[in-house]
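# Here you go, sequence then predicted model.
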Amino acid sequence: MAKERDYKHEYLTYHAKPEQKKNRAQRNAARNTMLKAGKVAKGDGKDVDHVKPIRSSGTNAPKNLRVTSIKSNRGWRGKP
């Protein structure tokens, strides 16, 4: 049987770090940009993807954003 996740510990050791908060704010800003442009809607099951990832000096500029399915955006971790 699988061990239960300790969400409190996970938050304290990972999600609460300043770097992760900054990354989350950038993802939220990208989503809001696409919401304002009318390309995504709340609850539509789509993700906003960065063509050039933030970690590779990508930006939240509209030309660097695209709408993808959740499966295609989160399914493969080998992105440069």
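In hand now; what should we look at?
# So residue 31 sits against residue 48, correct?
Yes. Contact criterion C-beta atoms under 8 Å: residue 31 and residue 48 qualify, at 5.0 Å. (Each C-beta comes from the backbone N, C-alpha and C, glycine too.)
# do you know how far residue 26 is from residue 1?
Separation of residue 26 from residue 1 (C-beta to C-beta, to the nearest Å) stands at 37 Å.
# ok, these two, which is more surrounded?
residue 26 (15 against 3; other C-beta atoms under 10 Å).
# Helix, strand or coil: sort out that one for me.
Secondary structure, DSSP: H, G, I helix; E, B strand; the rest coil: residue 26 is helix.
# and what of residue 5?
The three-state label given to residue 5 by three-state DSSP is coil.
# who touches the residue nearest to the spatial centre of the chain in this structure?
What sits nearest the mean C-alpha location of the chain, by C-alpha atoms, centre = their mean, is residue 27, with 4.7 Å. Residues in contact with residue 27 (C-beta atoms under 8 Å, 6 or more residues apart in numbering) are residue 48.
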